[in-house]
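Q: Sequence below, structure please.
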Amino acid sequence: RRRGAAWSHVQRCELRTATVDLADLESVRAFVARVAEQQPPPDVFVQNAAVLAFTERRTRQDLPELMGVNHVGAYALARAFAHRVVRARTGRVLMVASGAHRACTLPLRGDDEWLLDARAANGTAQRGVARLTAYACSKLCTILSAQWLAADVRARGVTVLALHPGVVRTEAPPHGLGVAARLFKVLVHDTIAMDAWQG
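A: Next up, the predicted model:
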């Protein structure tokens, strides 16, 4: 009943769209400034960013794309909204993580050496780091940064939460990430995963 009422309310809302490039921190700053100037303070901000494919692409600030988008750019956006945009005292920031974070077996250091190389054909980086492990570590960073941000904005009365959405069938399955990812796509993504609306 609550879900039906919430959906009925959403259907009456006016949808506005805007573009931000999480691979470019200047784009993030410009987006936040634009939203803060043009829109009333939102009650809820949901940060849901994920790059699944491990490529050699770099962000505008020369970080590996996977970590640059999944963590650095996404955290910069969530932090700015928590501090400047969402409604004080009642606002919420929801950071979409993943249960895959448990697969992160790497020490999280201040550099990005373990994410630098994606050239190995067998699905692992030259340093022996599995590509899906890199994705898992980016989602662990999401959870840790949500904890830091929650403490940082507590005085403003904003609640920050990290969540696992479940296994959701989207248009972005983990292509090109080796045998494990292909098995995941066939056995889970294409069969038992929730569709995007359920997720």
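Q: Going by C-alpha atoms from here, please, whenever you check contacts or count neighbours.
A: Noted.
Q: so what's Y75 up against?
A: Contacts for Y75 were tallied using CA atoms under 8 Å, 6 or more residues apart in numbering; they are 142, 145.
Q: Kindly state the pLDDT recorded for it?
A: Per-residue confidence for Y75 comes out at a pLDDT of 92.
Q: helix or strand for it, which one?
A: Taking DSSP states H and E as the definition, Y75 sits inside helix 74-80.
Q: burial count for the nearest residue to G157 once chain neighbours are set aside?
A: By the measure of CA to CA, 6 or more residues apart in numbering, the closest residue to G157 outside its immediate chain neighbours is R89, 3.8 Å from it. Residue neighbour count, defined by other CA atoms under 10 Å, stands at 14 for R89.
Q: In this structure R89 contacts V160, no?
A: No: the pair R89 and V160 does not pass the contact test of CA atoms under 8 Å, sitting 11.9 Å apart.
Q: Pull the contacting residues for the nearest residue to A36 once chain neighbours are set aside.
A: Once flanking residues are discounted, A36 sits nearest to V85: 5.7 Å by CA to CA, 6+ apart. Each residue near V85 by CA under 8 Å, 6+ apart is listed here: 32, 35-36, 41-42.
Q: cool, and I143?
A: If a contact means CA under 8 Å, 6+ apart, then I143 has 95, 97, 162 as its contacts.
Q: K139: which of the residues you listed is nearest?
A: Checking the contacts of I143 against K139 by CA to CA gives A97 as the nearest, at 5.3 Å.
Q: Mind pulling up the pLDDT for that closest one?
A: Note on A97: pLDDT of 89.
Q: Next, count neighbours for it.
A: Counted with other CA under 10 Å, residues neighbouring A97 total 28.
Q: Let me know whether it touches T142 as I believe.
A: Yes: taking contact to mean CA under 8 Å, the distance of 5.9 Å between A97 and T142 places them in contact.
Q: Can you pull the residues that touch both of the two?
A: Overlap between the neighbourhoods of A97 and T142 consists of A162, taking contacts as CA under 8 Å, 6+ apart.
Q: three-state assignment of W148?
A: Assigned state for W148: helix (three-state reduction, DSSP: H, G, I helix; E, B strand; the rest coil).
Q: For it, give its distance to T159.
A: 12 Å (CA to CA, to the nearest Å).
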